[in-house]
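A.B. asks: Turn this into a structure:
(one chain, ligands or ions: 1)
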Amino acid sequence: MCSERGSVVTAGSPQTRNLRADGHWTWAVYAAVLVDRLKGCPVTKRALPAVRLRVPTHEDAFAWHEVFADPDVMEFLGGRPAELSVYMELTARQRRHDAELGHCLWTLLDEEDRVVGFTGAQPWPHEWGPAGETEIGWRLGRGYWGKGYVTAAALTALDRLRAAGVKDVVAMVDARNERSAAVARRLGMEPAETLTAPRSRRPVRCYRLAL
Ligand SMILES: CC(C)(COP(=O)(O)OP(=O)(O)OC[C@H]1O[C@@H](n2cnc3c(N)ncnc32)[C@H](O)[C@@H]1OP(=O)(O)O)[C@@H](O)C(=O)NCCC(=O)NCCS
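C.D. replies: The predicted model follows:
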């Protein structure tokens, strides 16, 4: 399902792949088995969009700067659009993480190869909080919310992290950021400790997942 540099994810297929057409099975039995297999599955049963992840290029810094320059996107990330230099540094750092660790915050592309955001994992970049742990993170341009892009991308990212030997991940989510908390829950992450961000003094919930 996943290639190293680009992959397509379709929800439902992992659950349905093993159902074999068997002459003795009726459609009612099929339906019952399918419903049973989907019970408790944290990921939605709706089809996820096709997405692609790539290591951020130098040009992606410009794309991230443009697509994230929206007060809604930045509401829990400092409140206002960041300078281009922030994304220059961030994308360069991700290329280093990819080279050294085999994972990073990947640029997220939609079906038409437009840059719509990022999803992936990096070492937690602060001294406070889960220092030394691997943080999974996501950010989408405002026009791309509500379509399942980040859930699709994060499932691919988790597969890549397992392949890279990462054993567990954290997600640090502002307590008011309901949409981000919903992503963490959809991935099956468990809420753990709540910390106070040193600069904003806001509570931040740590979600954890063993891979
Ligand atoms: C956090 C953020 C990435 C969540 O985006 P999102 O679009 O809600 O998340 P997903 O891509 O997983 O999509 C889920 C949404 O798509 C809908 N959806 C459609 N098809 C879906 C599918 N197959 N599977 C899951 N959700 C689907 C869901 O219903 C949900 O929308 P809703 O909440 O309006 O019902 C986005 O709000 C964002 O970028 N925020 C600003 C940056 C930020 O706060 N980042 C996190 C810092 S911790």
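A.B. asks: got a list of what the closest residue to Arg162 other than its chain neighbours touches?
C.D. replies: Leaving out its chain neighbours, the residue that sits closest to Arg162 by C-beta to C-beta, 6 or more residues apart in numbering is Leu211, at 4.9 Å. In this view, the C-beta of every residue, glycine as well, is placed from N, C-alpha and C. By C-beta atoms under 8 Å, 6 or more residues apart in numbering, the contact list for Leu211 reads 158, 161-162, 166-169.
A.B. asks: Which among the residues you listed count as buried?
C.D. replies: The neighbour-count criterion (16 or more other C-beta atoms under 10 Å) marks 158, 161, 166, 169 among those as buried.
A.B. asks: is stretch 69-83 up against the ligand anywhere?
C.D. replies: Yes - counting by C-beta under 6 Å from any ligand atom, the ligand has neighbours in stretch 69-83: 73, 76-77.
A.B. asks: returning to what we had before: tell me the two of the contacts of Leu211 that are most distant?
C.D. replies: Within the contacts of Leu211, Leu158 and Lys167 form the most distant pair, 12.0 Å apart (C-beta to C-beta).
A.B. asks: mind checking how far stretch 125-144 is from the chain centre?
C.D. replies: Its chain's C-alpha centre lies 10 Å from the corresponding centre of stretch 125-144 when counted by C-alpha atoms, centre = their mean, to the nearest Å.
A.B. asks: quick one: contacts of it?
C.D. replies: The contact list for stretch 125-144 (C-beta under 8 Å, 6+ apart) reads 67-68, 70, 72-73, 77, 103, 105, 108, 110, 116-124, 149-150, 153-154, 157-158, 161, 166, 168-172, 180, 183, 195, 197-198, 204, 206, 209.
A.B. asks: hmm, back to that, select from the contacts of Leu211 every entry located in helices.
C.D. replies: 158, 161-162 (DSSP state H).
A.B. asks: between those, which is nearest Leu84?
C.D. replies: Distance to Leu84, by C-beta to C-beta, is smallest for Leu161 among the ones in helices among the contacts of Leu211, at 28.7 Å.
A.B. asks: What lies in contact with stretch 186-198?
C.D. replies: Stretch 186-198 has contacts (C-beta under 8 Å, 6+ apart) with 42-44, 128-129, 151, 154-155, 158, 169-172, 174-175, 181, 184, 202-209.
A.B. asks: Show only the entries of those found in helices.
C.D. replies: Those of the contacts of stretch 186-198 lying in helices (DSSP H): 151, 154-155, 158, 181, 184.
A.B. asks: Would you mind listing which of the contacts of stretch 125-144 are buried?
C.D. replies: The neighbour count (16+ other C-beta under 10 Å) marks 67-68, 73, 103, 105, 108, 110, 116-124, 149-150, 153-154, 157-158, 161, 166, 169-172, 180, 183, 197, 204, 206, 209 as buried among these.
A.B. asks: pLDDT of the helix of greatest length in the chain, averaged?
C.D. replies: Longest helix in the chain, counting residues (DSSP H): helix 84-101. For helix 84-101, mean pLDDT rounds to 98.
A.B. asks: That helix near the ligand at all?
C.D. replies: No - on the criterion C-beta under 6 Å from any ligand atom, helix 84-101 is out of touch with the ligand, staying 13.5 Å away.
A.B. asks: Could you list the residues in contact with that helix?
C.D. replies: With C-beta under 8 Å, 6+ apart as the criterion, helix 84-101 contacts 55-58, 60-62, 64-65, 68, 103-106, 120, 122-123, 164.
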